[in-house]
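[1] I need the structure of the sequence given here:
(one chain, ligands or ions: 1)
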Amino acid sequence: MSMHETKSWPAGQGTMLPASMESWNHKHILDLDDFSREEIDLVFEIADGMVEILARDVKKVPTLRGKTIATMFFEPSTRTRASFELAAKYLGADTVSLDAAKSSVAKGESLIDSLRTLQALQVDTIIIRHPCSGAPYLAAKHLETKIINAGDGCHAHPSQGLLDIYTMRKQLGDLSGRKLVIIGDIMHSRVARSNLWGTRNFDIKVILCAPPALIPYGLKQWTENCGLHHVSIEHDLDTAIEGADIVMPLRLQKERQQSGLISSMREYIRLYQVNDARLSRAKPGAIIMHPGPMNEGIEINHDVAYGKRSLIEQQVTNGVAIRMALLYLIAGGKIR
Ligand code: NCD
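    Below you'll find the predicted structure:
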């Protein structure tokens with residue numbers, strides 16, 4: 001019986017499937033540029049159900065029993081990998097976790113051949129993280145198996161974008177008229193990019209704030225060409241943070257900065273670190289978010305990271321619910 005045919009979700013819980021299930025139209029999850037507002041709302045509605053499961057003593061339902069989900073990570077990860085694996089396990093799926101450094105890719109096998117091996121092993125969904133932008137798209141093109149992008153180079157990180165917006169909505173309610181400031185290494189941030197696409201139907205204003213060297217060349221033009229009219233760029237953090245509802249500093253991705261784009265770390269900290277003094281310019285109820293991993297003392301100071309406005313741990317917890325919702329949806333969603 002397909003997931004569509006089961007009349008309750010998670011299976012056996014007696015809750016009716018959301019009526020809007022028909023709006024789901026994804027075989028793969030590659031980025032949020034092709035997600036409608038209805039689809040995002042559906043993910044959130046299902047994630048709410050998953051939050052209930054996560055609050056139980058026994059966090060296990062048989063919804064994906066018999067399915068096999070593989071993670072294949074070619075870059076380091078703590079949160080994303082652990083939360084996808086836990087999400088799969090909580091839904092009753094079998095999981096296989098491939099450490100790319102120890103897989104046959106390290107022996108010269110191509111990415112596609114390695115992924116084809118997983119397909120031949122009857123894996124239902126492959127969750128892939130890769131340093132090259134586009135790698136999950138290549139996989140989706142060559143494989144029948146469903147693919148979830150868990151971060152590809154500087155390009156996209158759709159599940160992070162969804163969990164960020166979900167966390168904002170849970171805390172602030174309606175996002176209409178809200179102001180989100182994303183600060184720091186915009187140049188290399190797949191999280192920032194997926195947030196831009198994900199927020200475009202929420203009537204929210206997004207300000208990208210960084211020194212010019214950390215803003216990709218032509219970004220303004222790109223946002224205009226893509227219809228991302230809710231996005232603007234501001235180099236001065238004190239101006240950008242004024243009246244903000246959501247403040248999201250990003251890690252400096254030194255592993256992707258070929259020749260070092262910051263001339264002085266002290267200067268960067270002075271101009272771009274989110275600390276209490278800076279935060280006092282934001283709205284009184286403003287929230288702090290960070291995709292992690294944090295470099296405390298650089299983009300964010302300790303008091304802000306662990307202060308009462310911080311939702312950073314909440315993001316991690318919500319990440320499991322969002323990933324459960326995504327695994328559930330692509331296991332049973334209508335296939336394009
Ligand atoms: C981010 C990533 O890997 O893109 N982290 C995450 O997935 N939570 C951001 C980063 O590495 O700085």
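[2] interface residues of this structure facing the ligand?
    79-80, 151, 157, 160, 190-191, 251, 253, 291-293 (C-beta under 6 Å from any ligand atom). For the C-beta atoms, the positions are set from N, CA and C on the backbone; glycine is no exception.
[3] now those: which count as buried?
    79-80, 151, 157, 160, 190-191, 251, 253, 291-292 (16 or more other C-beta atoms under 10 Å).
[4] Quick check: closest non-adjacent residue to the residue nearest the centre of the chain.
    The centre of the chain sits closest to Gln160, judged by C-alpha atoms, centre = their mean, with a distance of 1.0 Å. Take Gln160 and drop its neighbours on the chain: the residue closest to it by C-beta to C-beta, 6 or more residues apart in numbering is Val191, 5.0 Å away.
[5] what are the phi and psi values for that neighbour?
    phi -70, psi -50 (degrees, to the nearest 10).
[6] Just the pLDDT for it.
    On pLDDT, Val191 comes in at 98.
[7] check contacts around it.
    157, 160-161, 164, 250, 291 (C-beta atoms under 8 Å, 6 or more residues apart in numbering).
[8] picking up where we left off before, spit out the contact partners of the residue nearest to the centre of the chain.
    80, 151, 190-191, 194-195, 291, 319.
[9] and if you look at Thr117?
    Thr117 makes contact with Ser104, according to C-beta under 8 Å, 6+ apart.
[10] Which helix or strand lies directly C-terminal to whatever helix or strand it lives in?
    According to DSSP states H and E, Thr117 maps onto helix 111-120. Sequence-wise, the next helix or strand downstream of helix 111-120 (DSSP H and E) is strand 125-130.
[11] Name every strand pairing with that next one and say which way it goes.
    strand 68-73 (parallel), strand 146-152 (parallel) (DSSP bridges).
[12] and the residues of the chain next to the ligand as JSON lines, adding secondary structure?
    Putting those into JSON lines (DSSP: H, G, I helix; E, B strand; the rest coil) gives the following:
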{"residue": "Arg79", "secondary structure": "helix"}
{"residue": "Thr80", "secondary structure": "helix"}
{"residue": "Gly151", "secondary structure": "strand"}
{"residue": "His157", "secondary structure": "coil"}
{"residue": "Gln160", "secondary structure": "helix"}
{"residue": "Arg190", "secondary structure": "helix"}
{"residue": "Val191", "secondary structure": "helix"}
{"residue": "Arg251", "secondary structure": "coil"}
{"residue": "Gln253", "secondary structure": "coil"}
{"residue": "Pro291", "secondary structure": "coil"}
{"residue": "Gly292", "secondary structure": "coil"}
{"residue": "Pro293", "secondary structure": "coil"}
